[in-house]
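> I would like to see how this sequence folds:
(chains A and B)
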Amino acid sequence: MTRDAAPLLAVRNLSKYYGRYVGCREVAFDLNPGEVLAVVGESGSGKSTLLGCVAGLTSPSSGRVVFDSSEGPVDLCRCSEVRRRLILRSEMGIVHQNPRDGLRLNISAGGNIGERLMANGWRHYGRIREAALRWIERVEIDAARMDDLPQTFSGGMQQRLQVARSLVTRPRLVFMDEPTSGLDVSVQARLLDVLRRLVGELSLSLIFVTHDLGVARLLAHRMMVMQRGRVIETGLTDQVLDDPQHPYTQLLVSSILRN
Amino acid sequence: MTSSSSSTAAGQDSPYNFAYLDEQTKRMVRRAILKAVAIPGHQVPFGSREMPLPYGWGTGGIQVTAALIGPRDVLKVIDQGADDTTNAVSIRRFFQRTAGVATTTHTAEATLIQTRHRIPETTLRKDQIIVFQVPIPEPLQFIEPNRGEARKMHALEEYGAMYVKLYEDLARHGRIATGFDYPVNVAGRYIMSPSPIPKFDNPKMDRLPALQLFGAGREKRIYAVPPYTPVRSLDFEDHPFQVETWEHACELCGSRDSFLDEVIVDDKGGRMFICSDTDHCARRRQARDAAPAADHRRCCG
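Prediction:
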């Protein structure tokens, strides 16, 4: 990661209002290639709104989100919908908090992974299947479950399937919204193991939202703390967690149990 | 309006306007048809009317036919390939009474053919129009239930998800098991539902000289395949599109290249395979009976 390289994602002045309520306000940050950024904060602090705006799921009220796509920098808030959707399905991946939002539960696990490939123009069944199988194994799902429906999967497996589905097209940038919430601790640990390995192997650029500082510590290079729609503190993960500056961050850090 | 009401045909026995619909409604339907022809495979909304038959029985097809039919047209109506089934008989009689037009069961004699579930085996000519009755016009419905999103997918030509259904078939059955309403790509652009015709009929749509019109009454959509338009059935590179084949020949006419229906003839497991297209079968039998060859038709029962 070189300092002078163009950032993969540059967010400037991003605000989102829901009527007179604030979703997030004047957020700005850069994400460099290969970097993992955690967005933390209590619920209602605007984390998911920010992620939605940056990932092109909702349109922000104002601001710019410039993504360094394979065809040069694109402002996702101002480019055509055709372009944005093309980038979303080929160069970005999203893992939703609820697997139901990110998966088609009435379509087999292999079909769920294959859909991303078919959306990108793959029309060879054998090759689609081969790629899907490779990714099923890569996220540690039993290959024999490939043709089963995701609704027969456990929560942890569904979440790993979502990871496989979003990574199969080798996106340049991946978003995850609370990927580990709702999973018990041992299942969380397994998902984190998989994520950590993939982040290392693929040098993924990743932005994820979490309220679990432990997850942030484990995965993220840098983190951003949000409160009431504003970013109140940013920095390297260890720096923020070990030496928090803002009173709210101090409160957040002191509230986790230590052993 | 006056032109049409004065053109009331001799045989018309009805207090209704010519072909049942009022002239303004026909005009609205014709506009939708023109737009549909201009954008092959694209679903055009229209103000579908209540018709004197239930939804699912061909309310869309009957409105398209009513908007097109003229006193000199010769109408053929088929249901599952047959001219003598309830739906076909009712719709044919409807237009006999409201438009007084001539009707036929002979495909080659018809100028206008309304159909449910089949395309005739006889290749249609450029002076013929075929009208399909469509229950579900949206091919993406089972993949994307959200109508707005489905429209967007059509607009942006995002058809990858359409292949998921074929993928699932292959993963589950080892072959593409979809047998009817098999999705097609029209003129390299729109993906279209060909109505519940067997996939056996899909190749007939490709570059057909006749105009093909599709009417969905409940869903209020009309779409079209203009004459000589390329129509391609979706498939995978390593699993090309195939039509169904039969080990049997038609037991009535001996045809080996037409779509066969399996008919159960008794409760002891007796069954026979016969042409689904009754007109095709009858013409073949006529030709054979006219020829001196021995009649080896099997008697059943």
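
> count of residues packed around the closest residue to chain B within the stretch 151-259 of chain A?
As assessed by Cβ to the nearest Cβ, chain B sits closest to A:Thr169 within the stretch 151-259 of chain A, at 10.9 Å. For the C-beta atoms, the positions are set from N, CA and C on the backbone; glycine is no exception. Neighbours of A:Thr169 under the rule other Cβ atoms under 10 Å in any protein chain shown: 19.

> touching, it and A:Asn120? I think so.
Yes - shown here, A:Thr169 and A:Asn120 form a contact pair, counting by Cβ atoms under 8 Å, at 5.7 Å.

> quick one on the thing from earlier: so what's the residue of the stretch 151-259 of chain A closest to chain B closest to, chain neighbours aside?
Spatial nearest neighbour of A:Thr169, excluding adjacent residues (Cβ to Cβ, 6 or more residues apart in numbering or on different chains): A:Arg116 at 5.2 Å.

> report the buried residues of the longest helix along chain A.
The longest helix of chain A (DSSP state H) is helix A:185-202. Within helix A:185-202, the residues that count as buried by 16 or more other Cβ atoms under 10 Å in any protein chain shown are A:Val187, A:Gln188, A:Arg190, A:Leu191, A:Leu192, A:Val194, A:Leu195, A:Leu198, A:Val199.

> do the same with stretch B:229-240
Buried, per 16+ other Cβ under 10 Å, within stretch B:229-240: B:Thr229, B:Val231, B:Arg232, B:Ser233, B:Leu234, B:Asp235, B:Phe236, B:His239.

> which strand or helix spans A:Arg160?
A:Arg160 belongs to helix A:155-167 when elements are defined using DSSP states H and E.

> what's the local residue count around the residue lying closest to B:Glu237 once chain neighbours are set aside?
In this structure, B:Glu237 finds its nearest non-sequential neighbour in A:His124, 4.5 Å apart by Cβ to Cβ, 6+ apart. Residues lying near A:His124 (other Cβ under 10 Å) number 14.

> one step back: okay if I get the buried residues of stretch B:229-240 as CSV plus pLDDT, distance to A:Pro150 and secondary structure?
Output for those, formatted as CSV (pLDDT from 0 to 100; distance: Cβ to Cβ, whole Å; DSSP: H, G, I helix; E, B strand; the rest coil):
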residue, pLDDT, distance to A:Pro150, secondary structure
B:Thr229, 98, 39, coil
B:Val231, 98, 34, strand
B:Arg232, 97, 31, strand
B:Ser233, 97, 29, strand
B:Leu234, 96, 24, coil
B:Asp235, 95, 26, coil
B:Phe236, 95, 22, strand
B:His239, 94, 24, strand
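
> near chain A too, which of these?
Among those, the ones lying near chain A by Cβ under 8 Å from any Cβ of the partner chain are B:Phe236, B:His239.

> out of the buried residues of stretch B:229-240, which one sits closest to chain A?
Checking the buried residues of stretch B:229-240 one by one against chain A (Cβ to the nearest Cβ), the nearest turns out to be B:Phe236, at 4.1 Å.

> overlap of the contact sets of A:Thr169 and A:Asn120?
By the contact definition Cβ atoms under 8 Å, 6 or more residues apart in numbering or on different chains, A:Thr169 and A:Asn120 are jointly contacted by A:Arg89, A:Ser90.

> enumerate the residues of chain B near chain A.
B:143, B:156, B:158, B:160-161, B:163-164, B:167-168, B:170-172, B:236-239.

> give me the buried subset of those.
Buried members of the residues of chain B next to chain A, scored by 16+ other Cβ under 10 Å, are B:Ile143, B:Glu158, B:Gly160, B:Ala161, B:Tyr163, B:Val164, B:Tyr167, B:Glu168, B:Leu170, B:Ala171, B:Phe236, B:His239.

> torsion angles phi and psi at residue 203?
All of this refers to chain A. Backbone torsions of A:Ser203, given as degrees, to the nearest 10, read phi 40, psi 60.

> that's the wrong chain, I wanted chain B
Per degrees, to the nearest 10, the backbone of B:Pro203 is at phi -60, psi -20.

> what's the burial count for it?
16.

> roughly how far apart are the nearest residue to it once chain neighbours are set aside and chain A?
Sequence neighbours aside, B:Val243 is the residue nearest to B:Pro203 in space, at 6.6 Å (criterion: Cβ to Cβ, 6+ apart). To chain A, B:Val243 is 19 Å away according to Cβ to the nearest Cβ, to the nearest Å.

> confidence score at B:Val243?
The predicted local distance difference test score for B:Val243 is 93.

> contact partners for it?
The neighbours of B:Val243, taking Cβ under 8 Å, 6+ apart as the test, are B:Lys199, B:Phe200, B:Asn202, B:Pro203.
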